[in-house]
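S.K.: sequence? don't have it. structure:
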């Protein structure tokens, strides 16, 4: 498993999935501090996971079972391999699952300890880092700094015996401490280990706030376009919605694809307070839109819980329905939309000219503004839709490395006309590309959009949420 790739799913800046490693010489108080910090994070409601690194698994136990002489004689490279194997078990079984579930992880020792303790035995820091390159790197490394004599004194008190001079003696430990003192690594801070555990804990909590790994204010987010009622969410919808709530998603627009599916959307939303129905007929399937089906859709559109009419539009890419059929159905649905007090939700793919022509014709008669769903085009098309009074809703495509033009559009869209959507289970953002999408991943869109507009994540969330509340009348 490529753990580094696995960790690309973690969104920064949230009360979720951050990783702390506590480091220092033996006797620095790492275990005591890990327990105290874990308890403090639990008090904040963050459900932390504590892991002990790196000798708690089967390979680490093999190291622990060696005599001092055997370990002294072991080649440093073999010792490093055992540490790496042990870590792989812990990362796969404990660290990655906890982070993916949105839980903070507190590790009592991690890669930095290997560097400090193995470098004096002849294995370079670069070599150790290379061996561990695929493991997730901590968001915060805390080195507890204590004088060597204090560390040895504490160790003797804890074990009831002096450290074995043959391996853990003063000269070797002095070399370890020297490495700790000289380390310059990403996300590393040093704290005076002579302070009380309570004071150290609060210093770490303060640092987590400063780095926005813990936020006092959770963003409020609206997924303006989603398909919770299609195949793909049958087995774990409750978990999907819980993950969405955990990152701040407060409302999800569940969009219908034809009359029968729209009915299912309404029925599902009735039992879910944060899910709201939108009814429509997707251009892929308008070849099946009979007059009876059209009338059934219009009846559903008149129900008070329905917040939008769509998605309707044109798709000349896949052509599941013929061009002529799509154009006729789109105009029929637009004409019907003029009699509704609902925003229309527009699907347009490889069909800008005809979409724009028909929207320009009907926009003056609409009672509410409309939304261009899943907008992925350039500024010329964006400005044309904006001139008609439409909102633009950006999907996960904005996070793709090659979507520079779309990020420029994200920066230029007027603040009162910008929305975000997942289009889940489709259109997953970059870390999940090709996999099932879900509303919690909106955080990736917002991070990207916030960066493009020079905003904080909360500011980007606030403006897109205000726009969604306004247009949908939430």
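M.R.: Received the coordinates, thanks. Everything numeric in this text was worked out from a predicted model, so none of it was measured. Numbering: from 1, shown residues only.

S.K.: Pull the distance from stretch 271-279 to the chain's centre.
M.R.: Relative to its chain's centre, stretch 271-279 lies at 23 Å (CA atoms, centre = their mean, to the nearest Å).

S.K.: I should have written stretch 25-45 there, sorry.
M.R.: Using CA atoms, centre = their mean, the distance from the centre of stretch 25-45 to the centre of the chain it belongs to is 26 Å.

S.K.: Let me know the helix or strand that residue 180 is in.
M.R.: Assigned by DSSP states H and E, residue 180 falls within helix 170-182.

S.K.: model confidence over the helix or strand hosting residue 39, on average?
M.R.: Under the criterion DSSP H and E, the helix or strand holding residue 39 is helix 30-43. Per-region confidence: helix 30-43 scores 88 on mean pLDDT.

S.K.: Over to stretch 284-299?
M.R.: Confidence over stretch 284-299 (mean pLDDT, whole number) is 96.

S.K.: Show me the contact partners of that stretch.
M.R.: Contacts made with stretch 284-299 from outside it, assessed by CB atoms under 8 Å, 6 or more residues apart in numbering, are listed as 257-260, 262-263, 279-281, 315, 318, 320-322, 325-326, 329-330, 332, 336. For glycine as for every other residue, the C-beta is placed from the backbone atoms N, C-alpha and C.

S.K.: List the ones among the residues you listed that fall in helices.
M.R.: Mapping the contacts of stretch 284-299 onto helices (DSSP state H) picks out 259-260, 262-263, 325-326, 329-330, 332, 336.

S.K.: Save these as TSV, and put in distance to residue 78 and pLDDT too.
M.R.: Formatted as TSV, the entries for the ones in helices among the contacts of stretch 284-299 read as follows, by distance: CB to CB, whole Å; pLDDT from 0 to 100:
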residue	distance to residue 78	pLDDT
259	68	96
260	64	96
262	64	96
263	65	96
325	69	95
326	66	94
329	70	96
330	69	97
332	74	97
336	74	97
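
S.K.: thinking again about what came up before, what packs against the helix holding residue 39?
M.R.: If contacts are counted by 3 or more CB pairs under 8 Å, 6 or more residues apart in numbering; DSSP states H and E, helix 30-43 sits against strand 19-23, strand 49-52, strand 105-108, strand 140-145, helix 197-210.

S.K.: Show the contacting residues for the closest residue to residue 474 other than its chain neighbours.
M.R.: Distances taken as CB to CB, 6 or more residues apart in numbering place residue 251 nearest to residue 474, at 5.8 Å, with adjacent residues excluded. By CB under 8 Å, 6+ apart, the contact list for residue 251 reads 222-223, 274-276, 468-469, 472, 474.

S.K.: Phi first, then psi, for residue 344.
M.R.: With angles defined as degrees, to the nearest 10, residue 344 sits at phi -90, psi 150.

S.K.: what's the burial count for it?
M.R.: When neighbours are counted by other CB atoms under 10 Å, residue 344 registers 30.

S.K.: what's across from it in the sheet?
M.R.: Note on residue 344: beta-bridge partners by DSSP bridges are residue 309.

S.K.: circling back to that earlier point, what's the angle between the helix holding residue 39 and strand 19-23?
M.R.: 150 degrees (axes from the mean of the first three to the mean of the last three CA atoms, to 10 degrees).

S.K.: about what we covered before: ranking the helices and strands packed on helix 30-43 by mean pLDDT, which is last?
M.R.: The minimum mean pLDDT among these belongs to strand 49-52 (a mean of 82).

S.K.: same for that strand, what does it pack against?
M.R.: helix 30-43, strand 105-108.

S.K.: Not counting the shortest one itself, show me its contacts.
M.R.: If I follow you right, that is strand 105-108. Identification of contacts with strand 105-108 by CB under 8 Å, 6+ apart yields 18-22, 30-31, 34, 37-38, 41, 48-53, 94-95, 98-99, 138.

S.K.: sorry, back to before: the helix holding residue 180 packs against which elements?
M.R.: Other elements packing on helix 170-182 under the criterion 3+ CB pairs under 8 Å, 6+ apart are helix 111-118, strand 140-145, helix 148-159.

S.K.: now do 10 Å
M.R.: Applying 3 or more CB pairs under 10 Å, 6 or more residues apart in numbering; DSSP states H and E, one finds that helix 170-182 contacts helix 111-118, strand 140-145, helix 148-159, strand 188-192.

S.K.: Mean neighbour count, these: which tops it?
M.R.: Across the helices and strands packed on helix 170-182, averaging neighbours per residue (mean count of other CB atoms under 10 Å) puts helix 111-118 on top, at a mean of 24.

S.K.: tilt between that one and strand 140-145?
M.R.: Compare the direction of helix 111-118 with that of strand 140-145 by the same axes, to 10 degrees and you get 40 degrees.

S.K.: List the buried residues of the helix or strand following helix 111-118.
M.R.: Using DSSP H and E, the helix or strand that follows helix 111-118 towards the C-terminus is helix 125-131. Buried residues in helix 125-131, counting neighbours by 16 or more other CB atoms under 10 Å, are found at 125, 127-128, 131.

S.K.: With residue 270 as the reference, name the closest of the helices and strands packed on helix 170-182.
M.R.: Among these, the nearest to residue 270 by CB to CB is strand 140-145 (43.8 Å).

S.K.: mind listing what that closest one pairs with, with the direction of each?
M.R.: Counting by DSSP bridges, the strands paired with strand 140-145 are strand 19-23 (parallel), strand 188-192 (parallel).

S.K.: would you turn those strands into a markdown table with distance to residue 77?
M.R.: Compiled in a markdown table, the strands paired with strand 140-145 are given as follows (distance: least, CB to CB, whole Å):
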| stretch | distance to residue 77 |
| --- | --- |
| strand 19-23 | 22 |
| strand 188-192 | 25 |
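
S.K.: Mind checking these for the one nearest to residue 394?
M.R.: Each of the strands paired with strand 140-145 was checked against residue 394 via CB to CB, and the shortest separation belongs to strand 19-23, namely 29.4 Å.

S.K.: Next, the angle from the closest one to helix 197-210.
M.R.: Strand 19-23 and helix 197-210 meet at an angle of 140 degrees, taking the same axes, to 10 degrees as the criterion.

S.K.: residues contacting the nearest residue to residue 257 once chain neighbours are set aside?
M.R.: Closest residue to residue 257 in three dimensions, ignoring its sequence neighbours and counting by CB to CB, 6+ apart: residue 282, at 4.4 Å. Under the criterion of CB atoms under 10 Å, 6 or more residues apart in numbering, the contact list for residue 282 reads 227, 255-258, 261, 289, 310-313, 315, 320-321, 347.

S.K.: Quick check: residue 282 vs residue 452, distance?
M.R.: Taken as CB to CB, to the nearest Å, the spacing of residue 282 relative to residue 452 amounts to 29 Å.

S.K.: Residue 351 too?
M.R.: Counting by CB to CB, the separation of residue 351 from residue 452 is 26 Å.

S.K.: was I right about residue 179 contacting residue 118?
M.R.: Yes - at 9.1 Å, residue 179 and residue 118 qualify as touching, with contact defined as CB atoms under 10 Å.
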